[in-house]
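1. okay, predicted coordinates and the sequence, questions at the end:
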Amino acid sequence: MAMFTVAALYHFTRFEDPAALKTPLAQLACAQGVTGTILLAPEGVNGTIAGPREGIDAVLAHLRALPGCADLAWKESHATEAPFRRLKVRLKREIVTMGQPDVDPTNAVGRYVAPADWNALISAPDVAVIDTRNDYEVGIGTFSGAIDPDTRSFGEFPTWWEANKDRFEGKRIAMFCTGGIRCEKSTNWLIGQGVDEVYHLEGGILKYLEEVPEDESLWQGECFVFDRRVSVGHGLREGDYDLCHGCRRPISDADKAHDAYEPGVSCHRCINEHSEADRERFRERQRQMERAAR
């Protein structure tokens, strides 16, 4: 059985002309049989890619040779099936959208905490632990005792903080996200708001699940990932969740038993979010996918 190497990566640096980087990167990745999504913006690069070992190595070497990217780091895992159908290299205003033009992770970020030291930090009574991910991601797994801002997008985080900051007076703040990229921006944001002690999990949840033994872990549930695996657990093993293709949220076997669930069309969370015309369009997409699979 073929094994696909999956690399989740990001790096903040200043690209003067991101558009000039797009075509050479896309051509190399395609030639190497690498799929996934790579975002390029004036503030850097972000993406998750999958493919053969040699192909991933070639793309990573190319990225690390870009201006300011010699220190680019990534997290690896593996999948038994191709996590992505095709390659997308896209130009964006931000590699992770926060909508705060003054935020600059290359200037200052919170203190990195290695996975091995994370449990001790978040167990301290003077530490408030904040999950910076979207609500549907938090819904399938998070750290014990973590605060869920209940945001539907990262751009809502600054508003949430402004409304809730008084709750954290005198607290040290520890933040985490899937791979670390959101925390680069959220910790810079808090520093700009005058918060003195801000920490974040180095390498994100993925690095924690890879390195911390399950019997020592404070993680509960699974971690949502943005590819066809949908979720991973301890040791980065593929998880038990599927994806609702109507709303792109994770769904369990129990969710599929709900009357509102229709494969490729809707689940109980999004049944009222789309019109009947939308659902019919989703049904046609599902029929095309089934034909292609056959």
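-> Thanks, I have it.

2. where's S217 relative to N188, distance?
-> 28 Å (C-beta to C-beta, to the nearest Å). For the C-beta atoms, the positions are set from N, CA and C on the backbone; glycine is no exception.

3. who has more neighbours out of the two?
-> N188 (23 against 17; other C-beta atoms under 10 Å).

4. list the helices and strands the helix or strand containing that one packs on?
-> Using DSSP states H and E, N188 sits in helix 181-192. Under the contact criterion of 3 or more C-beta pairs under 8 Å, 6 or more residues apart in numbering; DSSP states H and E, helix 181-192 touches strand 4-12, helix 157-164, strand 172-176, strand 198-201.

5. need the ones you listed in CSV (columns: mean neighbour count).
-> As requested, those are arranged in CSV below (neighbours: other C-beta atoms under 10 Å):
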stretch, mean neighbour count
strand 4-12, 23
helix 157-164, 15
strand 172-176, 23
strand 198-201, 24
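
6. any chance of those in JSON lines, plus mean pLDDT?
-> Listed next are the helices and strands packed on helix 181-192 as JSON lines, based on pLDDT from 0 to 100:
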{"stretch": "strand 4-12", "mean pLDDT": "95"}
{"stretch": "helix 157-164", "mean pLDDT": "97"}
{"stretch": "strand 172-176", "mean pLDDT": "98"}
{"stretch": "strand 198-201", "mean pLDDT": "98"}
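
7. among those, which is nearest P67?
-> strand 4-12 (10.8 Å; C-beta to C-beta).

8. ok, P42 to H274 distance?
-> P42 is 34 Å from H274, by C-beta to C-beta.

9. sorry, that was for R285
-> Counting by C-beta to C-beta, the gap from R285 to H274 is 12 Å.

10. and A65, by the same measure?
-> Distance from A65 to H274, by C-beta to C-beta: 44 Å.

11. between these two, who's got more neighbours?
-> A count of neighbours by other C-beta under 10 Å puts H274 above the other of A65 and H274, at 16 against 10.

12. buried ones in the helix or strand where E280 lies?
-> Element membership for E280 (DSSP H and E) is helix 276-293. Buried residues in helix 276-293, counted by 16 or more other C-beta atoms under 10 Å: R279, F282, Q286.

13. which residues touch the nearest residue to R111 once chain neighbours are set aside?
-> Residue nearest to R111 in three dimensions, not counting chain neighbours: Y199, with 4.9 Å by C-beta to C-beta, 6 or more residues apart in numbering. Neighbouring residues of Y199 by C-beta atoms under 8 Å, 6 or more residues apart in numbering: G110, R111, Y112, V113, L121, V127, R172, I173, A174, M175, T187.

14. ok, back up a step: let's have the helices and strands packed on helix 181-192 in a markdown table, adding distance to I251.
-> Output for the helices and strands packed on helix 181-192, formatted as a markdown table (distance: least, C-beta to C-beta, whole Å):
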| stretch | distance to I251 |
| --- | --- |
| strand 4-12 | 21 |
| helix 157-164 | 25 |
| strand 172-176 | 24 |
| strand 198-201 | 26 |
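
15. between these, which one is nearest to D117?
-> Per C-beta to C-beta, nearest to D117 of the helices and strands packed on helix 181-192: strand 198-201, 9.5 Å.

16. any idea which helix or strand comes after the closest one?
-> That would be, after strand 198-201 and using DSSP H and E, helix 204-211.

17. gap between the helix or strand that that following helix is followed by and the chain center?
-> Downstream of helix 204-211, the next assigned helix or strand under DSSP H and E is strand 219-221. Distance, stretch centre to chain centre, for strand 219-221: 16 Å (C-alpha atoms, centre = their mean, to the nearest Å).

18. about what we covered before: name the residues that touch the helix holding E280?
-> Against helix 276-293 from outside (C-beta under 8 Å, 6+ apart): H245, G246, E262, P263, G264, V265, S266, H274.

19. what do you get for stretch 102-109?
-> By C-beta under 8 Å, 6+ apart, stretch 102-109 touches 12-14, 43, 183-185, 187-189, 191-192, 200.

20. show me this structure divided up by domain.
-> 4-91, 111-221, 250-293 (automatic domain parsing).

21. residues contacting W118?
-> A174, F176, L201, Y208, V212, L218.

22. phi first, then psi, for I130.
-> phi -120, psi 130 (degrees, to the nearest 10).

23. make sure it is actually in contact with F143.
-> No - contact criterion C-beta atoms under 8 Å: I130 and F143 do not qualify, at 10.0 Å.

24. who touches both of those two?
-> In contact with both I130 and F143: F176, using C-beta under 8 Å, 6+ apart.

25. I appreciate the help and will end here.
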